[in-house]
Each structure stands twice: as C-alpha cells, then as structure tokens.
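[1] Here you go, sequence then predicted model.
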Amino acid sequence: MKKNVKTIIAIALALTLAVGLFFAFGNIFEEKVSYSEFTQQLENEKIEKAYIDEVAGKISYKLKNDTKSYYTAYPDSENFKEHMLKKGVELGISNDGTFRSFSNALTLIISAMMLILIISFIRPSNKFKVIGKDNLKTTFADVAGNDEVKDELIRISKMIKDDKFRQNGAKIPKGILLQGPPGNGKTLLARAFAGETGVNMIATTSGDFSSQFIGIGSMKIRQLFKAAKNNSPCVIFIDEIDGVGSKRMNAQQAADKEMNTILTALLNEIDGFKSSDNIMVLAATNRTDDLDDALTRPGRFDRQIIINKPDKKTRIELLKKYTQDSALADNIDFNNLSLYTYGYSSAQIEALCNEAVLTSISNGHSVIEAEDFKTAVLKTDIKGSLKNNSFMTEEDRKIAAYHEAGHAVIAYYYTDKDVTTVSIRPTTSGAGGFTMTLNANENQFETLGNIFGALKELYAGRAAEYILKAESLEDTTTGAAQDITQATKLALNYICLSEGIDLNVFGSYGVKESLEKVKKLKEKVWLETVENEKAHWDKIEFLAHMLIENETVTGEEFRNIISKAENEFTS
C-alpha cells in the first residue's frame, strides 16, 4: 500500500513539475531571435500575438501561420506599444511582476515537494517484521542432534527468563555468534532459542542494511534496535553478519565508507542497551575470520558457538526427522544410511530425503525402499544422474575402466574408506564414470596420514591411465581434471596442518613459496601413487576387465575381486 501511495505521489509531482517548468521557465520552449529580426518581422506585419513582460525585460510572440514561440529583448522605448498595436499585433502586458512572482513561488514549491519525495523514497521505512512470541512455535525439540549446542542455548535462555541471575549480579550475554559451515541449522537454532525463551523475534540478514545512499544502512540499524526495544523482550537475529560486520578498512570508496558506518552503528547499538532491556542479539556466519575484532570482543558477541556438520548420531536423527511423514519399507537402515551421508550438511540430508521420496514415486513404490535411498545418494554424490543412452567408444570405455579401477584399489589399500560402487556409466555432470566410498570409521580428528591417502586416491585415476599408456603423460586424458583441482585444495590444507600455518593467512607467506610447497607435495603423492598402483596392477587389471564387461561393480563384488586376486597372487 505504501509503495502505491509513493507511486501516485511521484506521478503527481512529475506532472506538477512539468507544468511548473513550462510556466516558470517558458523560455526553454521558445526560440530566441535578435531584436533587428524582430523589428523586421514587426514592420512586415508578420507578428500575430505578443506578450510583454516588463519585469523580465522580454517580449514573447508568435508569427502568423506559425506554431512556434519566439522571444527577444524588450526595448522599453516611447510609443513602442502603440506602434505594435498599429501593426495589428494582439498585445498583452505585465508590469507588476505577478507572473514572475508566481513562477518563482511555483518553482520553490516544486523544489520543496521534490525534496520531500526524494527523502521519502530513500528514508528507510521500519520494515523489520516482529514475529510475536505466540507465533513462535519452534523449540529445541524440533532441532535434531546438536545436544551440546542446545544445552548451552538452554542455559542462556534460563538466564533471560529467571530474574535471580540479575539479582545475584550476573551479566546476561548481549550477543551470541553462531558460526560454522552453511546449511547446518543456524537459523533454525535462533528460532528455537526465541521460541524456547518465549520472547518476540526480529529476523534479518545483512542484505537488509545495504543501500546506495551513505548513512541509510546505519539508520536501518538504529531502527532495528528501536523496534526490538519497543517489542521487548526480543531476540534480534542477523544472518550472514559478515556482510555488515567485516573488518574495517581505510575507506576510499563510498561503499567502503558506508560499510564502516554500518558497523560503527551496530557496535554503538549493542553497547547502548542494557540487560534490563531484555534484548538478545543472535548472529550467524560461516566466515568468522572476516569479522571485525571489535564485534567479537567480550561485552558484544561474547558467546561464540560452533555448529559443525552433523555427526553420526545427528545424521541418524535428521534422516528420521525428514522422513517422519513418509511411509518407509522395513529394509531402511538409518545406521547404514548415516555412513553414506558422512560429511553431509543438515540441508544436504534434507535434500537427500526429498530426493528419495521423489525417486520412490517415480519408481511406483508405495513406500520408500532402500533402493530409492541408494539412487538418491548416487545422484547427490555424482551431482547428477546416470546417462541411459550414452555412446562411448571401446577405447573410452577401457580408459574409464582403468581410471576408476585405480581410484577403487588405492582407496581400498591406502585409506580407511570402504568402496561401495565402481562404475563406468557416464553421468549428466560430465564424468565418464565414478567410484563411491564411505567412511567406515568416524574419527573426531583427521590425521595427516588420512589426508595423504585421500590425495593418493584423487591421483589414482590419472596414475592408472599413465601406467596403461606406457607411462606417457601426453597420452593421459583430461578426465582427471576435477580430481587434480580437488587434490590441489587438499594439498594446501595438508601443508598448513603439517607446518602449523593458519590456512586463512597462508598466502601472506608468499604466493611463490606457497605454490612451491604444494607442488613438491603433489609430486611426492604422484610418484608414490604410481609405485603403489604398479604393486597392485593385477587387481586394477582384473577390476578394469570386470567393469568393461559389466559396467558397474558393487562393493561386495569389488571385495570378492580383491580377495580372488590376492589368493591367486599368493598361490
């Protein structure tokens, strides 16, 4: 409704401005002529109408049979008006300045109205929607897993509700920073906190404070906290706070100055309210290192809670939660599914369950079968679907078979993963095949040895092609491009962990030095992977032949192949 009113006002003012300009600045629509040309037109009796503005010192006139308007200087000579009348000119005269005064007044009014309009457009309206406590039905019972996080938030919730904490001199935290990778329920936890505490809530994102005009963002910050105070007790939730709370810089551009102004306003507002105001600020970010130090010091966001990707127990709870409204077959094993979803975010698990439901319906199943979940996991991991009618030459099939066999064998011998599927069926994501594994052990800490093994697994596809092609790098294909990209990122992580360097400041040690360390590590991984594959080449060949013949090998078939190859080798 407010937008419609502003539109109507804008149209009305535009029309008023056009009329005002016509009257106030009429000469911009008139063609100027010299006085000598004017007198010649007058003597030749070509002028039909004329208007003398004595205050402005000008004559506006029109010629006969001509739609244009002209003007020239007014000579103010004796008998001039009488002479014009004798020449048959229809004459109008103003000598009291009425028109000019009206024009000036109109111009002033229009300017004032335009200024009001501009201010009304750029002035931020209080658009922060307050979610009433009666409408917040989400509680911690709706949050799967994250028990330790919930316990911490429940304790803070009790502090807000119970006055004895304040009576005993305890200071209630002003701000809580939820940090961790995206898609793991930070927003849900904020809603649950507000619902559990029984207070109002205002949910915002950093984008709500962006503006093309300097000072508007800080004005919105003040409006946000004013709305919270007016609806106290209240929880303010700011998602992606790094968008407004990044480290301050020497601002040279207007955008940087605006960001600094917004951050300063946010700091002032947090400092400005007291525990008695019953306001709590929750914020979420996955880029904690980008935040300004002043924002995370004690007294502001002094409670920082890390929300990582879900562990096995949480994944099982999430799988159950997102399938609770669906009919499930008896063969669904959530414990087994939790192994396949290792490393998934909460959002990815939700998407996986939805994909299983869609697959079940497409397959005509009355309930969700284990097969439907298997297909859903496959689509998620390969980021696409299997191609049904894709043509591959025999040479391409052979290269893909050895490539995937290399991945599978190295994963089996040099990582703690279990191989579940090996296939040379092309996918819609562009891969010529794929090898699926799952983490058999879910250790809390990753070892450097495991990372080194994962690097070998990534290089194993290219290494198998290299050995197959008589150790000619020129004959290896581009099929390993994505593997090499992932390996480079993982190698960088390995270097940082092994040398105790913060990954976020790794580049400050020098780009050239950094690349050199990564290059040396990758060379070491490559050489070892090639030697490892030569040692197990009989298994790789055996598996590759099975893939060429059958396209896909299951985890059980893969283990039988390895066992058979090992028995033949020892006998």
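    Looks like it arrived, so ask away. Residues are numbered from 1 along each chain as shown.
[2] Y413 and E533 touch, don't they?
    No. Contact criterion C-beta atoms under 8 Å: Y413 and E533 do not qualify, at 9.7 Å. Every C-beta, even on glycine, is put in place using the N, C-alpha and C of the backbone.
[3] Can you give me the buried ones in stretch 561-571?
    Residues of stretch 561-571 classed as buried by neighbour count (16 or more other C-beta atoms under 10 Å): I561, I562, A565.
[4] between Y413 and E533, who's got more neighbours?
    Per other C-beta atoms under 10 Å, whichever of Y413 and E533 has more neighbours is E533, with 25 against 16.
[5] Assign that one to helix, strand or coil.
    Recorded secondary structure, E533: helix (DSSP: H, G, I helix; E, B strand; the rest coil).
[6] which residue sits closest to it in space, ignoring its chain neighbours?
    Distance criterion C-beta to C-beta, 6 or more residues apart in numbering; nearest residue to E533, sequence neighbours excluded, is A463 at 5.2 Å.
[7] The one you found: which element?
    Using DSSP states H and E, A463 sits in helix 448-468.
[8] Buried residues, that helix. List them.
    450-468.
[9] Number of residues surrounding the closest residue in space to T205 that isn't next to it in sequence?
    With sequence-adjacent residues excluded and distances taken as C-beta to C-beta, 6+ apart, T205 is closest to D239, at 4.4 Å. The local packing of D239 (other C-beta under 10 Å) involves 19 other residues.
[10] State the distance from the residue positioned nearest the centre of the chain to M249.
    In the chain, the C-alpha nearest the mean C-alpha coordinate belongs to E240, at 8.7 Å (C-alpha atoms, centre = their mean). Counting by C-beta to C-beta, to the nearest Å, the gap from E240 to M249 is 19 Å.
[11] re earlier: distance between the helix holding A463 and the chain's centre?
    The chain centroid and the centroid of helix 448-468 are separated by 33 Å, computed with C-alpha atoms, centre = their mean, to the nearest Å.
[12] mind showing which ranges of the stretch 251-400 of the chain have poor pLDDT?
    Along the stretch 251-400 of the chain, segments meeting pLDDT under 70 span 251-256, 275-276, 389-390.
[13] Could you pull out the helices in it for me?
    Taking DSSP state H, counting those that start in this stretch as the criterion, the stretch 251-400 of the chain carries its helices at 254-272, 293-296, 312-321, 334-340, 346-362, 370-382, 394-414.
[14] which one of the ones you listed is the most hemmed in?
    Of all the helices of the stretch 251-400 of the chain, helix 394-414 has the most neighbours on average by mean count of other C-beta atoms under 10 Å, namely a mean of 24.
[15] neighbouring contacts of it?
    For helix 394-414, contacts defined as C-beta atoms under 8 Å, 6 or more residues apart in numbering pick out 392, 417, 419, 422-424, 432-435, 437, 453, 456-457, 460-465, 468, 477, 479-480, 529, 532-533, 536, 539-541, 543-545, 547-548, 558, 562.
[16] what about 7 Å?
    For helix 394-414, contacts defined as C-beta atoms under 7 Å, 6 or more residues apart in numbering pick out 417, 419, 422-424, 432-435, 437, 453, 456-457, 460-461, 463-465, 468, 477, 479, 529, 532-533, 536, 539-540, 543-544, 547-548, 558, 562.
[17] and the angle for it with helix 448-468?
    150 degrees (axes from the mean of the first three to the mean of the last three C-alpha atoms, to 10 degrees).
[18] Which helix or strand lies directly C-terminal to helix 394-414?
    strand 417-423.
[19] where does L178 land in three-state SS?
    Going by three-state DSSP: L178 is strand.
[20] ah, wrong one, I meant A203
    Quick answer, by three-state DSSP: A203 is strand.
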